[in-house]
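need a 3D model of the following:
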Amino acid sequence: MKEGSSISVAVRVRPFTEREKGLLAETPKSKEFLGDGSLAVSNTSSNTFCTNGIRKIVRVLDDNVLIFDPPEENPLAKVQKSLLPAGKRFRDVRYAFDRLFGEEASQEDVYKGTTEPLLDSVLQGYNATVFAYGATGCGKTHTISGRPDDPGIIFLTMRALLDRVEGLKRTMNVDISVSYLEIYNEKIRDLLVQDPLSMEKPKSLNICEDAEQNVSVPGLSYFTPTNLEEVMEIIIRGNSNRTMSPTEANAVSSRSHAVLQIYITQTPKSGEKQEESESQNSHKVRSVFSFIDLAGSERASATKNRGKRLVEGANINRSLLALGNCINSLCEPRRRQHVPYRDSKLTRLLKFSLGGNCRTCMIVCISPSSEHYDETHNTLKYGNRAKNIKTKVSRNVVSVDRHVSEYVRTIYELRQKVSILQKRIAEESKQLALNKEVRKISSREIKMLDARSMLKNSFDGSRDLQKSLIEHVRTLRRIEDEITLTKMWISIAKESDAMSGHNIKSVETRLAKLYDQRSLITAKVNPEEICKTFQNSISHIVSSFKGEGADMYADMLQDDVDLLKSIIENQILDAKHESETFSSTSRKLIQNLFLLFPLLPGNAIDVNESLARAFDQLVGIVPSEPTIQVPNLIEKGKAPLLSMFEIPRSPSRFKARSPSKAARVLKKPLKKRVRFSEVPTTSSVPPVEIKNKDSKPKVEKSLDKHNMNNDRSFLVPSRDARNSLTSLSLHSNVAKNKSSHSSKWPTHTLSPIITTALKQPVRRISLVSQPLQKTGGTENTPNA
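Got it, this is the predicted structure:
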């Protein structure tokens, strides 16, 4: 179906601006007549005769006719006319158009007079175009786009279109999509994908024609609005991306041609059965509704553009000139052999709007001010010429005859696709859930690494506290040794009655000071403070794990904290073990020392004298001071009663270090219970055999009653050991003869001799299997 049609041309006269109103010549209120008296008493404004004033050059007679440059009604205008140049005198030209809108016309009036009649044609399948043409500053953009408080014909058209689509949805499936582009300096840019704040250069698009000579722009984005808010958002977004620059003629001059196209596709719903025929006709109706806001033609002298703006104006005028040439070619059917559509990209886009399958409405926007006299005149001439353009329009209908079996096959194929897509969606949902879980686990692993790093830093930061804690443990054990030995000395001194009460009291005073020092050091041995720092460093991460339900990760972190706690405890146990080994050896040495003194040959030193000398030695090593600073004594190597014996310390079996990863806490192997008979000779003093006055064999019982009960055997010094003890007595006699009145024991001689005696081999004697025997009044000790 083809119909002949011509382009509908409407003219809209914009109102005067505030600046123009101030320069507008006033019309005299009283009736004037020519004469000297009238001139003398005239109340007219001086602007009437001012050549700098402006005047109204367009008069709208009715809805179809206007007068360009009408003569003035004021008789005084004749005088003013004589002052104007010959080319500027009144033309009084009348133009007739399809529709005229005066200065008081609203946006709704313009929409109803131009675009609303085309809306029905678009829904019937015809293409339609509305474009605004005119000089810069004449209201083209305001007419097409408008403002949020006063929307233009695009918004009003979309509002009516959506309302009508709602009524068609019962019988038709209607799809609507929108695109918005601009032509700036002969380059096409998409206005809906650009970011107004982005500094990136927009991508340039190209124009293509398919086999059916339809014009398209590959790469152009399309949006599907569903309500009026989205339509207004598209318009505002596109206008914000549009190139605009202020000029002398217009403060918000559009420097590009904007093209908004609405694509409408209608498909009837074919769900009902048709009994009369096995075949069914399906009609798909396509149509395009285009709105074009052309850039305004301008003069360089009026806009005073320079540089980049001057180049923009030249490109704008070139494309508008190409549009005018196309209009001139279309208006002359006899010479209509070639229409120069390819002279610019604007005319290529308007090819079907001007001379193809399209119903077109051209809105000519003009200014009523005499400042735009030439621009308004040229615009009216082009509009009047465009009325003569004839187009051939046809309904865009695609008819397809299909058999019922084809529909059945199509339904089956679609069901198969739906099934495949459902399976794919299920698999993708599982994969998404798995990926989500993996991301969650990855985030938890990162938290675990952070928490362990915090634990490591906390452990490294507490090294000084750990060292101080270990030193306190060792100091505490040494004080315990001193307390034990001092109490032993006091008990032996009280039993022997060889020491005066004053000496015993001084030692008891020193014992009380040791108790005080032990209390102070015990208060400092508090590993919980160090362990508390470990727990506090990861408490927030443990709480987050528990909040997420990841108790496994929280337990792993707690295990790491427990591991560090066990490390601290192991360090304390190692320090105690080191001190216990040292203390046990020292205690046995001192005990045997007190027992060895009476056994010297010739009874050179009796028990009372040995106790007195031991007291002197005990008091001499630690000078009498108001308070005893144990750490200072340790630093100087003067630990009481311990530093005199050169006994090697057991090496540390554990070094404090920060684990790089969670380590398994291995149970410490149970220590082997060492029997008294298996103690090495370097760490114990063997008991000795004592002769009484009755020459009966009497063996001094060992101090370890437990081991005596387990193994009824004990150690006695060997022959080499007794020889060393004899040498000890000789040294002591010599020292006694040299200084018979001396009260101190020579410690520089005592320690090496005792150490040598202790290193000699020992022999074992069993009290059960081989009892002592008398032979000839002497005691014989059987061999072990």
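
isn't there a helix covering Cys361?
No - under the criterion used here (DSSP: H, G, I helix; E, B strand; the rest coil), Cys361 is strand, not part of a helix.

what pairs with the longest strand seen in the chain, and is each one parallel or antiparallel?
Taking DSSP state E as the assignment, the strand of the chain that covers the most residues is strand 279-293. Partner strands and pairing direction for strand 279-293 (DSSP bridges) are strand 128-134 (parallel), strand 257-268 (antiparallel), strand 397-403 (antiparallel).

what's the closest of those to Lys187?
In this view, those are compared for proximity to Lys187 by CB to CB, and strand 257-268 is the closest at 11.1 Å. Using the backbone N, CA and C atoms, a C-beta is placed for each residue, glycine as well.

check which residues of the closest one are buried.
Of the residues in strand 257-268, those scored as buried under the neighbour-count criterion (16 or more other CB atoms under 10 Å) are His257, Ala258, Val259, Leu260, Gln261, Ile262, Tyr263, Ile264, Gln266.

can you check stretch 160-171 too?
Buried residues in stretch 160-171, counted by 16+ other CB under 10 Å: Ala160, Leu161, Leu162, Val165.

out of these, list just those in helices.
Among the buried residues of stretch 160-171, the members falling in helices are Ala160, Leu161, Leu162, Val165 (criterion: DSSP state H).

any chance of TSV for those, columns pLDDT?
Compiled in TSV, these are given as follows (pLDDT from 0 to 100):
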residue	pLDDT
Ala160	93
Leu161	92
Leu162	91
Val165	89
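
ok, which pair from those is furthest apart?
Pairwise over those, using CB to CB, the maximum falls at Ala160 and Val165, 9.8 Å.

what ranges do the helices span in the stretch 51-200 of the chain?
With DSSP state H, counting those that start in this stretch as the criterion, the stretch 51-200 of the chain has helices at 77-83, 107-114, 116-123, 140-144, 153-168.

and the ones you listed: which comes nearest Arg242?
Evaluated with CB to CB, those place helix 140-144 nearest to Arg242, the distance being 8.8 Å.

hmm, back to that, just the helices of the stretch 51-200 of the chain: most buried one?
Using mean count of other CB atoms under 10 Å, the stretch among the helices of the stretch 51-200 of the chain with the largest mean neighbour count is helix 140-144, at a mean of 24.

ok, Arg439 - how many residues close by?
Arg439 is flanked by 10 other residues according to other CB atoms under 10 Å.

tell me the spacing between it and Phe291.
From Arg439 over to Phe291 the distance is 47 Å, taken as CB to CB, to the nearest Å.

if we can go back for a sec, CSV for the helices of the stretch 51-200 of the chain, including distance to Glu229?
What follows is the helices of the stretch 51-200 of the chain, written out as CSV (distance: least, CB to CB, whole Å):
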stretch, distance to Glu229
helix 77-83, 52
helix 107-114, 19
helix 116-123, 20
helix 140-144, 19
helix 153-168, 11
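
least reliable of those helices going by mean pLDDT?
Note on the helices of the stretch 51-200 of the chain: helix 77-83 shows the lowest mean pLDDT, a mean of 56.

once you drop chain neighbours, what's closest to Gln558?
With sequence-adjacent residues excluded and distances taken as CB to CB, 6 or more residues apart in numbering, Gln558 is closest to Val542, at 6.9 Å.

thought that neighbour was touching Asp560?
No - with contact defined as CB atoms under 8 Å, Val542 does not reach Asp560; the gap is 10.5 Å.

if we can go back for a sec, of all the strands paired with strand 279-293, which one is nearest Gly102?
strand 128-134 (15.5 Å).

ok, and for the closest one, which residues are buried?
For strand 128-134, burial by neighbour count (16+ other CB under 10 Å) applies to Ala128, Thr129, Val130, Phe131, Ala132, Tyr133, Gly134.

same question, stretch 448-461
With burial defined by 16+ other CB under 10 Å, the residues of stretch 448-461 counted as buried are Met448, Ala451, Arg452, Met454, Leu455, Lys456, Ser458, Phe459.

pLDDT score for the closest residue to Arg510 other than its chain neighbours?
Spatially, and ignoring its direct neighbours in sequence, Arg510 is nearest to Thr486 (6.7 Å; CB to CB, 6+ apart). Here, the pLDDT recorded for Thr486 equals 79.

Gly501 versus Thr486, what's the distance?
16 Å.

of the two, who's got more company?
Per other CB under 10 Å, whichever of Thr486 and Gly501 has more neighbours is Thr486, with 18 against 10.

residues near the residue nearest to Leu330 when sequence neighbours are not counted, how many?
With sequence-adjacent residues excluded and distances taken as CB to CB, 6+ apart, Leu330 is closest to Ile389, at 4.4 Å. Around Ile389 there are 21 other residues, counting by other CB under 10 Å.

which residues touch Ile389?
Residues counted as contacts of Ile389 (CB atoms under 8 Å, 6 or more residues apart in numbering) are Ser6, Ile7, Ile327, Leu330, Cys331, Leu354, Gly355.

try it again with 10 Å
With contacts defined as CB atoms under 10 Å, 6 or more residues apart in numbering, the neighbours of Ile389 are 5-7, 9, 326-331, 333, 354-355, 360, 362.

just the ones of those residues in helices?
Residues of the contacts of Ile389 located in helices (DSSP H): Cys326, Ile327, Asn328, Ser329, Leu330, Leu354, Gly355.

may I ask you to confirm that Leu330 is in contact with Tyr382?
No - look at Leu330 against Tyr382 with CB atoms under 10 Å: they stay out of range, at 11.9 Å.

circling back: indicate which one of the helices of the stretch 51-200 of the chain is closest to Arg286.
Using CB to CB as the measure, helix 116-123 is the one of those that comes nearest Arg286, at 10.4 Å.

give me the helices and strands touching the longest helix along the chain, please.
Of all the segments assigned as helix in the chain under DSSP H, the longest by residue count is helix 404-461. Applying 3 or more CB pairs under 10 Å, 6 or more residues apart in numbering; DSSP states H and E, one finds that helix 404-461 makes contact with strand 279-293, strand 397-403, helix 528-537, helix 539-548, helix 551-596.

neighbouring contacts of the fourth one?
Going back to what we said before, that points to helix 539-548. Helix 539-548 is touched from outside by 440, 443-444, 447-448, 450-452, 454, 535, 538, 550-558, 561, with contacts defined as CB under 10 Å, 6+ apart.

list the contacts of the spatially closest residue to Lys345 that is not a sequence neighbour.
In space, and not counting its chain neighbours, Lys345 is closest to Ile183: 5.4 Å by CB to CB, 6+ apart. Ile183 sits next to 189, 207, 243, 256-259, 292, 294-295, 315-316, 319, 344-346, 348-349 when contact means CB under 10 Å, 6+ apart.

quick one: buried ones out of those residues?
Buried members of the contacts of Ile183, scored by 16+ other CB under 10 Å, are 189, 243, 256-259, 292, 294-295, 315-316, 319, 344-346, 348-349.

which intervals of the stretch 251-400 of the chain have sub-threshold pLDDT?
By pLDDT under 70, the low-scoring segments of the stretch 251-400 of the chain are 251-253, 270-282, 298-309, 333-337, 392-400.

bridging residues for the spatially closest residue to Tyr222 that is not a sequence neighbour?
Take Tyr222 and drop its neighbours on the chain: the residue closest to it by CB to CB, 6+ apart is Ser177, 4.4 Å away. The bridge-partner assignment for Ser177, based on DSSP bridges, gives Tyr263.
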